[in-house]
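Trainee: would you be able to build a 3D model of this:
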Amino acid sequence: MDTNISLYDILDAEQALQDIGEGEGEFTHVLALQKQEKVSNTIKYIRNIESIAQQADEEAKRLKELSKSYEKQAQRIKAWVLHSMLAHDITHIETSLGKLGIRRSEETIIDNIEVLPTEFKQEKITVTADKTAIKKALHEGRLVEGAHIQENNSLNIK
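Mentor: Residues are numbered from 1 along each chain as shown. Next comes the predicted model:
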């Protein structure tokens, strides 16, 4: 069978045959077989792509965990070098590859945010829409300004 014909063209040809009253016959049978083959191949292809996407996601997670592990290892080594340099009153070491140096910095630590004066507090407000409640209200016939229900189609493969 010619697998280069698209599913759209097959469905279009089937519709054309039905429109002219040729719903039964050899050509209709051939189109039905082509449609079955095209749909089967399409399902296989979609499942394959979804499988590849899932494998890529899993590999990305694995690589992210590996990256975090290496970052933690680098932080442990930096902490060890810092401790060693501080213990020996060394502030910098130079080599042909690079320099190690100790830099002083400050960090503000909040011990208890509740007792801070209000002038030192920032309030963050996050506003989100309750889509479940909005959907229910719209289905009950209520008008919800700024929202509407949109029907979507999606392909379900079993």
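
Trainee: at the geometric centre of this protein, which residue do we find?
Mentor: residue 57 (8.6 Å; C-alpha atoms, centre = their mean).

Trainee: poorly predicted segments of this protein, please.
Mentor: By pLDDT under 70, the low-scoring segments of the chain are 1-3, 23, 155, 157-158.

Trainee: the longest helix seen in the chain packs against which elements?
Mentor: The longest helix of the chain (DSSP state H) is helix 26-87. Identification of packing neighbours for helix 26-87 by 3 or more C-beta pairs under 8 Å, 6 or more residues apart in numbering; DSSP states H and E yields helix 7-19. (C-beta placed from N, C-alpha, C; glycine too.)

Trainee: what's the angle between the helix it packs on and helix 26-87?
Mentor: Helix 7-19 runs at 160 degrees relative to helix 26-87, counting by axes from the mean of the first three to the mean of the last three C-alpha atoms, to 10 degrees.

Trainee: the residue nearest to the centre of the chain and residue 67: what is the separation?
Mentor: 15 Å (C-beta to C-beta, to the nearest Å).

Trainee: and the gap between residue 44 and residue 154?
Mentor: Relative to residue 154, and taking C-beta to C-beta, residue 44 is found at 19 Å.

Trainee: higher neighbour count, those two?
Mentor: Neighbour comparison, residue 44 and residue 154: the larger count goes to residue 44, with 10 against 4 (by other C-beta atoms under 10 Å).

Trainee: distance of the more buried one relative to residue 95?
Mentor: In terms of C-beta to C-beta, residue 44 sits 58 Å off from residue 95.

Trainee: and stretch 86-99, end to end?
Mentor: Stretch 86-99 has an end-to-end distance of 16 Å (C-alpha to C-alpha, to the nearest Å).
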